[in-house]
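In: Here is the input, now give the coordinates:
(chains A, B, C and D)
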Protein chains: 2
Amino acid sequence: MSEAVVRPYHHGNLREELLERAEEIVRTRGVADLSLRELAREVGVSHGAPRRHFPDRQALLDALALRGFERLEREIVAAAKGRASHTTRMARTAVAYVRFATRDSALLELMFAGKHRDPDGPVHEAADRAFTAMSDLIAEGQASGQLVGADPEKPGMLVWATLQGLASLANGAIVDEAALDGVVTDAMHGLMLGLRPR
Amino acid sequence: MSEAVVRPYHHGNLREELLERAEEIVRTRGVADLSLRELAREVGVSHGAPRRHFPDRQALLDALALRGFERLEREIVAAAKGRASHTTRMARTAVAYVRFATRDSALLELMFAGKHRDPDGPVHEAADRAFTAMSDLIAEGQASGQLVGADPEKPGMLVWATLQGLASLANGAIVDEAALDGVVTDAMHGLMLGLRPR
DNA sequence: CAACAATGTAGGCGTCGACAACAATGTCGT
DNA sequence: ACGACATTGTTGTCGACGCCTACATTGTTG
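Out: Residues are numbered from 1 along each chain as shown, chains lettered A, B, ... in the order given. Below you'll find the model as predicted:
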């Protein structure tokens, strides 16, 4: 008995495990309930250990935001590519974004929370990359003459605003989960129609 | 000397003063930095006193949310009334909402944070009233034949989503404060155009 | 293999939210 | 007028938290 599994002094993968557990907690109980000490306990490490990887709580939150943007970018590019029509891919991408926003609403909030974050920091850069992935799709539509304008900025803003609005509707339980994809697709089609040159 | 102003044992207006100071703190430093104890100190009362008015921290936040919705409703109805054309008043109301959302972004976040709030509670009811004020304006447009549809629900969703999106754009510093009113007005006009019967 | 860096532990500090026991004040029925 | 009772504020305590420092263990590298 008492064959306690001896954890080595050095955990070996602490940073990653902390982040994953943290993301889980944020998803289920929200940012406010995320505590470094609880995290340490759950991973089976002393309360001071996380400090070696995250100087303070905000650093952990930043790391979570960074991962969030990276995942978001992956999901956007995955939805944006393919052989389907431009409009279809726009709609798919929109759905992907809104899905992310509803499934991980607390994480998204955290991602955009850093109003006073360093504009040159890694988080901001990751955010830019994710946004660029969307922007590229719009630019493609403009290049192929399916969308008005030369710069993707103005339609980009419009699309962005619409997505954000739809996401907030979904999170406010005004639109139920099941109907969400349809609503988003419709809105996107309408939007594209409005932005089509004539 | 030592003519210390003797505060009476009973403050007399503690609840209100706590709420006002709390709103100030939320506005300037965000919800996370709001502490009952600091609040008590600033108002010059012992750390246990606020408990008589707010059983726990969340109760204070709920009270703040309630006030927020009441103020929002007032600002919406103020913008929605008047002799101007329906379209103009729609635009004004939109500007009023987005202004609120940007000036008091932390408060707005708090107002919508209660995802698991009692749907029959006072906060939710106040939120409904504020939303209704907007809905009424849309219904008026439908009654006078300037907007499609019979029920205000569908266009209401659209308007709501657009406003929320514009607000998030503004809060993300993607649109600068000065240009905001113009952008909102334009978007609203475009939206109304799209919703006009033909 | 001996410095040195990286990583984890142990303990302490100040603050917080929540709670309970008690004190001062307001209110209301008789 | 006065005594019971409710309301409101005070004080002290508890456990948890974030952050800090001193120290222990392990990995790395010249």
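In: So which residues on chain A come close to DNA strand C?
Out: Residues of chain A found near DNA strand C (C-beta under 7 Å from any atom of the strand) are A:9-12, A:14, A:40, A:45-49, A:51-53. For every residue, glycine as well, the C-beta is placed using N, CA and C.
In: Tell me which residues of the longest helix seen in chain A come out buried.
Out: If you go by DSSP state H, chain A has its longest helix at helix A:57-80. Neighbour counts over helix A:57-80 (16 or more other C-beta atoms under 10 Å in any protein chain shown) mark A:60-69, A:71-73, A:75-77, A:79-80 as buried.
In: list the contacts for A:Glu109?
Out: Residues near A:Glu109 by C-beta atoms under 8 Å, 6 or more residues apart in numbering or on different chains: A:Val31, B:Glu109.
In: Which residue ranges of chain A form strands?
Out: Under the criterion DSSP state E, chain A carries no strands.
In: For it, list the residues in contact with DNA strand D, please.
Out: A:8-10, A:34-38, A:47-48, A:51, A:55-58.
In: ok, and the most crowded of those?
Out: The residue in the residues of chain A next to DNA strand D with the most neighbours, by other C-beta atoms under 10 Å in any protein chain shown, is A:Leu34 (21 neighbours).
In: residues contacting the closest residue to that one other than its chain neighbours?
Out: Nearest-residue entry for A:Leu34: A:Ile25, 5.2 Å, with adjacent residues in sequence omitted and distances by C-beta to C-beta, 6 or more residues apart in numbering or on different chains. Residues counted as contacts of A:Ile25 (C-beta under 8 Å, 6+ apart) are A:Asp33, A:Leu34, A:Glu38, A:Leu39.
In: so can I have a markdown table of the residues you listed showing pLDDT?
Out: Output for the contacts of A:Ile25, formatted as a markdown table (pLDDT from 0 to 100):
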| residue | pLDDT |
| --- | --- |
| A:Asp33 | 95 |
| A:Leu34 | 97 |
| A:Glu38 | 98 |
| A:Leu39 | 97 |
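In: show me what contacts A:Pro197?
Out: Neighbouring residues of A:Pro197 by C-beta under 8 Å, 6+ apart: A:Gly145, A:Leu147, A:Val148.
In: Please pick the buried ones from these.
Out: A:Leu147.
In: In helices only, show me the contacts of A:Pro197.
Out: In helices, judged by DSSP H, none of these are found.
In: mind saving the C-alpha coords of stretch A:102-112 as CSV?
Out: What follows is stretch A:102-112, C-alpha atoms only, in CSV (Å, rounded to 0.1, in the frame of the first residue of the first chain):
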residue,chain,number,x,y,z
THR,A,102,-21.0,31.5,-27.9
ARG,A,103,-19.1,28.4,-26.9
ASP,A,104,-16.3,30.3,-25.3
SER,A,105,-18.0,33.5,-24.4
ALA,A,106,-16.0,34.0,-21.2
LEU,A,107,-12.8,33.4,-23.0
LEU,A,108,-13.8,35.9,-25.7
GLU,A,109,-14.5,38.5,-23.1
LEU,A,110,-11.1,37.9,-21.6
MET,A,111,-9.5,38.2,-25.0
PHE,A,112,-11.0,41.6,-25.6
